[in-house]
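*Asks:* Here you go, sequence then predicted model.
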Amino acid sequence: AQTPSGANRGYRIAGTVVDEASGKPLGQTEVTIGLIEGKNLHETFATGTDGRFSFEGLPAGKYQLSARRRGYVRQRYKGHDDYWAAIVAGPGLKSDDVRFAMTAGASIVGHVFDERGDAVRDGRVLLLREVLGGGRRRLTRDHETSLNDLGVYRFWHLEPGAYVVVVIAQPWYAELYGINPAAEGPARIGDIDTDVVYPVTFYPGAMDAEAAGRITLAAGESATADVALAPLPARNVSIKTYNDPKERVGVVSAVVYIADGIAEPVSAPMYRQQDSIGFNGLPPSRVDLTWRTGTGKDAQEHFTSLNLAEGDSANSSVPTVIRGNLEGVGVATVAGATVKLTLKAGGKTFSTVVGANGEFEFHEEMVRGLYTIEVPQLADAQLGIRAKGLEFFDDSLEIQPGRDVELKITAGRAARVRGRVVKNGAGAEGVFAAPVPEGFGDANDLMRVAESESSGAFELGKIVPGKYRLIAVEDGWDADWRSTEFLK
């Protein structure tokens, strides 16, 4: 944007929206800008056949630029998942020749059939996306939809990548004519067996995420993924609640495990007995149950994880030992603080108290999954973790039960780094920037990431005190930037 000649004329952000693959201008595109800091300013512009857009009379500042168009992924300028490049308008800064490249959206459509080949009209479909992090591929939740009355689902405007389709449904006849096995006894000859469920089913017919088929899509590509469901005997379980029969039992949650960090509420009938809680119609999967007994200071939370896929109700929790040390850098004493581990899918929390020398230990029955960690007494401090015996996924710890774990937690005042990426004497936008911690080969959550603005400037926040090496990589977004190979 050129320096305005008039006092109130303001600055200009302008450019062209194009198809990423062909470079052709994209008309009928809705482009929106928003001022990131300062007053609330949002404006929208619809491009013509030439794909051009222009915002005039803008105050100096940093702007988020986004675009959406039918058949394309809704995206931010030079966006990469949670990161994107801001457009900076101000004296001496050029912002009127923006090239906004949009990615054609991919799509997945499919039918869901029952054991008779009829459409399943009532059910939900989850879409999981496979991502690469730390040298491993993991699944994250991407979209969710419901089946229509023809048993059809559709996902559109998808980014290129690998996807997994998950179907969650119940047999219609079990819902209408379901029985309570504990109350009604065995079915009579000629009766329809309504004590059945559809297991959580992954395309094309797998019973767990690891065996599920991956649907790989390029930009603009469409795929068909039909799923056939087959009923299995329902699992009916009763759990001892370990409480005074006169006390009320409160169920906090009952969820079926889909993948690490992903779970869905169980829609099975629950009943209470004198010293137990029971569920009818559970799927043959891992089911995590959490309940509370007592009230006030006497309240206790209980957790059990049942592996119902094996035909019984075996507990899938395994004794796990986690040892660690908490070090405070410029913060109040850490002795006596509480370290909490929380299972992301299910909500169960484990707690332990830090000793005089910063040491702490967990000896718990734990399940495989993603966990978050916090120290409530140090809520204002930034936590950084190094670990042995586990891996990190985004802001979570991936714990394998039965494997001993060592943690080193540093708590300190968050630091911030500002800088500018320069290429050929000018600011470079959209560049990957990160501080690489000393000893990055160990599993840790110390890396912070930023994307440079149109001026080349970047800012990295929430940095844990320590030694780092600052890197800037122009094409780093397409790499596994959490892997040791990349960081070398």
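*Replies:* Noted; the coordinates are in hand. Numbers count the residues shown, from 1 in each chain.
*Asks:* mind listing the helices for the chain?
*Replies:* 172-177, 181-184, 484-487 (DSSP state H).
*Asks:* where in the stretch 201-350 of the chain is pLDDT low?
*Replies:* Counting by pLDDT under 70, the stretch 201-350 of the chain has low-confidence residues at 242-247, 251-252, 310-315.
*Asks:* worst average pLDDT in the helices of the chain?
*Replies:* Among these, helix 181-184 carries the lowest mean pLDDT, at a mean of 46.
*Asks:* Tell me the bridge partners for the most centrally placed residue in the chain.
*Replies:* The centre of the chain sits closest to residue 140, judged by CA atoms, centre = their mean, with a distance of 5.0 Å. Beta-bridge partners for residue 140, by DSSP bridges, are residue 129.
*Asks:* Is it in contact with residue 129, as I believe?
*Replies:* Yes. Using CB atoms under 8 Å, residue 140 is in contact with residue 129, at 5.5 Å. For the C-beta atoms, the positions are set from N, CA and C on the backbone; glycine is no exception.
*Asks:* returning to that earlier point: which residues touch the residue nearest to the centre of the chain?
*Replies:* 128-129, 131, 261-262 (CB atoms under 8 Å, 6 or more residues apart in numbering).
*Asks:* By neighbour count, which of these wins?
*Replies:* In terms of neighbours by other CB atoms under 10 Å, the contacts of residue 140 top out with residue 128 at 23 neighbours.
*Asks:* Can you tell me which of the contacts of residue 140 lies closest to residue 368?
*Replies:* Checking the contacts of residue 140 against residue 368 by CB to CB gives residue 261 as the nearest, at 10.5 Å.
*Asks:* who's the closest residue to the closest one other than its chain neighbours bridged to?
*Replies:* Distances taken as CB to CB, 6 or more residues apart in numbering put residue 370 closest to residue 261, at 3.8 Å, once the chain neighbours are dropped. Assessed by DSSP bridges, residue 370 has beta-bridge partners residue 398.
*Asks:* How many neighbouring residues does residue 370 have?
*Replies:* The number of residues near residue 370, taken as other CB under 10 Å, comes to 21.
*Asks:* Can you give me the separation between the closest residue to residue 436 other than its chain neighbours and residue 137?
*Replies:* In space, and not counting its chain neighbours, residue 436 is closest to residue 469: 4.7 Å by CB to CB, 6+ apart. According to CB to CB, to the nearest Å, residue 469 and residue 137 sit 27 Å apart.
*Asks:* what does residue 285 give?
*Replies:* Distance check for residue 285 against residue 137: by CB to CB, it reads 22 Å.
*Asks:* repeat for residue 371
*Replies:* Residue 371 is 20 Å from residue 137, by CB to CB.
*Asks:* more neighbours, these two?
*Replies:* It is residue 371, of residue 371 and residue 137, that has more neighbours when counted by other CB under 10 Å, with 23 against 12.
*Asks:* looking at it, the more buried one is touching residue 395, isn't it?
*Replies:* No. With contact defined as CB under 8 Å, residue 371 and residue 395 do not form a contacting pair (10.4 Å).
*Asks:* all strands of the stretch 101-250 of the chain, in order?
*Replies:* Here the stretch 101-250 of the chain has its strands, by DSSP state E, counting those that start in this stretch, at 106-113, 123-133, 136-146, 152-158, 161-169, 196-197, 201-202, 215-217, 222-224, 227-228, 232-233, 235-240, 249-259.
*Asks:* one step back: got a markdown table for the contacts of residue 140, with distance to residue 67 too?
*Replies:* A markdown table is the format used below for those (distance: CB to CB, whole Å):
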| residue | distance to residue 67 |
| --- | --- |
| 128 | 26 |
| 129 | 21 |
| 131 | 23 |
| 261 | 30 |
| 262 | 30 |
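*Asks:* What is the nearest of the residues you listed to residue 82?
*Replies:* Once CB to CB is applied, the member of the contacts of residue 140 that ends up nearest residue 82 is residue 131, at 11.8 Å.
*Asks:* Count the neighbours of residue 147 for me.
*Replies:* 21.
*Asks:* whoops, residue 318 was the one
*Replies:* 15.
*Asks:* From residue 208, how far off is it?
*Replies:* According to CB to CB, residue 318 stands 18 Å off from residue 208.
*Asks:* show me the contacts for the residue nearest to residue 15 when sequence neighbours are not counted.
*Replies:* Distance criterion CB to CB, 6+ apart; nearest residue to residue 15, sequence neighbours excluded, is residue 98 at 2.8 Å. Contact analysis of residue 98 by CB under 8 Å, 6+ apart lists 13-16, 65, 77, 87, 454.
*Asks:* Show me which pair in the residues you listed is furthest apart.
*Replies:* 16 and 454 (15.0 Å).
*Asks:* Give the residue from the two that has the larger number of neighbours.
*Replies:* Per other CB under 10 Å, whichever of residue 16 and residue 454 has more neighbours is residue 454, with 24 against 18.
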